[in-house]
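# Provided below for reference: sequence and predicted model.
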Amino acid sequence: MDRSASLFNLTGKVALVTGASSGLGRRAAVALTEAGAKVIGVARRAEALEKLASELGEQFSFISADIADRSRLEDLSLEINDQFASPDILVHAAGINTRETADKVTEMGWDQTISLNLSTPFFLSQRFVAGMKKKGWGRIVNFASLQTTRAFPGGLAYGASKAAIGQLTRAMAEAWSSHGVCVNAIGPGFFPTELTQAVFADEERSKRNAEQTCIGRNGEMEDLDGPLLFLCSEASRYVTGQVLMVDGGFTAK
């Protein structure tokens, strides 16, 4: 294998992907598996995870769990370490957007959003980073958003959580990168997922979003693969604390 190929090869690595039952998390599980990693998918919907396992084969395993429940994280981390191995790679793709307008944000909606989008990525990482430090190698990829830097209607709680992900990513990088653990975030543009069904169902709105990019189209799931593999592999050994926008240039305009 030549050096350029080996930079992105994940053979022998163990990756944990949250939100693996659908959307960008599912795509991340596929891409990491194809790159050679042993992938552990975590999500609430066991049936969807079983379907993905039937497609990906023995390289993919899964645990059904509600990771928004912080009291579950300790047992989950012990289960993963015991059944599989301490992960080398964490991809925090699970997320929620209640789409409550500013005047109608509820305490429940706020707490659910902050818990899953912001608290879980930190506290789950905290439980696995010791193993990464011991190996002297680790990769953590958070999921940011267009709303990390932009305000959208109906996205107050979601936007607050994703803006915080930008700072969380920098703070985690500052804390752990000297131990070989690179922490970065991907900020996806408009991709066809469950969270964006309403956007893509509105043909005019979808077209308007595409026109706001530099490339002139909305995202396709395969567009995530290269940036993700870069941030999860040896290729990103000197990249940490960054938010990589994968948005077709939406935020460049």
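Ah, there it is.
# just the helices in the stretch 101-250 of the chain please.
107-114, 120-135, 156-176, 197-201, 203-211, 225-232 (DSSP state H, counting those that start in this stretch).
# Out of the ones you listed, which gets the lowest mean score?
Ranked on mean pLDDT, the bottom entry among the helices of the stretch 101-250 of the chain is helix 197-201, at a mean of 81.
# can you dump the C-alpha coordinates of that one into CSV?
In CSV, the C-alpha atoms belonging to helix 197-201 read as follows (Å, rounded to 0.1, in the frame of the first residue of the first chain):
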residue,chain,number,x,y,z
GLN,A,197,-37.1,16.3,5.5
ALA,A,198,-39.2,19.4,5.7
VAL,A,199,-36.6,21.4,3.8
PHE,A,200,-36.2,19.0,0.9
ALA,A,201,-40.0,18.4,0.7
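# which helices and strands sit right next to that helix?
Here helix 197-201 touches helix 203-211, going by 3 or more Cβ pairs under 8 Å, 6 or more residues apart in numbering; DSSP states H and E. C-betas here are computed from N, CA, C, even on glycine.
# so residue 86 makes contact with residue 128?
Yes - with contacts counted by Cβ atoms under 8 Å, residue 86 reaches residue 128, the gap being 6.3 Å.
# Show me which of those two is the more surrounded one.
Using other Cβ atoms under 10 Å, the more surrounded residue of residue 86 and residue 128 is residue 128, with 21 against 18.
# Surely that one touches residue 88?
No - in this structure, residue 128 is not within contact of residue 88 by Cβ under 8 Å, at 9.3 Å.
# returning to what we had before: looking at the helices of the stretch 101-250 of the chain, which is closest to residue 18?
Residue 18 sits nearest to helix 120-135 of all the helices of the stretch 101-250 of the chain, at 7.3 Å, using Cβ to Cβ.
# Report the angle between that closest one and helix 107-114.
20 degrees (axes from the mean of the first three to the mean of the last three Cα atoms, to 10 degrees).
# circling back to that earlier point, of the helices of the stretch 101-250 of the chain, which is nearest residue 35?
Nearest of those to residue 35, taken as Cβ to Cβ: helix 225-232 at 5.6 Å.
# ends of stretch 223-238, how far apart?
23 Å (Cα to Cα, to the nearest Å).
# which residues are in contact with it?
Contacts of stretch 223-238 with the rest of the structure, by Cβ atoms under 8 Å, 6 or more residues apart in numbering, involve 6-10, 13, 15, 24, 27-28, 31-32, 35, 37, 89, 91, 139, 141, 182, 184, 186, 188, 191, 239, 244, 246, 248.
# roughly how far out does it sit from the chain middle?
Relative to the centre of its chain, stretch 223-238 is centred 13 Å away, using Cα atoms, centre = their mean, to the nearest Å.
# in it, what's buried?
Judged by neighbour count using 16 or more other Cβ atoms under 10 Å, the buried positions of stretch 223-238 are 223-225, 227-234, 236.
# Spell out the residue ranges of the strands in the stretch 1-150 of the chain.
Secondary structure of the stretch 1-150 of the chain (DSSP state E, counting those that start in this stretch): strands located at 14-18, 38-43, 60-64, 89-92, 138-143.
# quick one: contacts for the spatially most central residue of the chain?
By Cα atoms, centre = their mean, the chain has its centre lying nearest to residue 93, at 2.8 Å. Residue 93 is in contact with 17-20, 23-25, 28, 143, counting by Cβ under 8 Å, 6+ apart.
# go again using 10 Å as the cut-off
17-29, 41-43, 121, 141-143, 186, 188, 193, 224, 228 (Cβ atoms under 10 Å, 6 or more residues apart in numbering).
# From residue 140, how far off is residue 17?
Going from residue 17 to residue 140 by Cβ to Cβ, to the nearest Å gives 12 Å.
# Which one's more surrounded, these two?
The neighbour comparison of residue 17 against residue 140 (other Cβ under 10 Å) goes to residue 17, with 33 against 30.
# okay, how far is it across stretch 244-253, tip to tip?
This stretch, stretch 244-253, spans 16 Å end to end (Cα to Cα).
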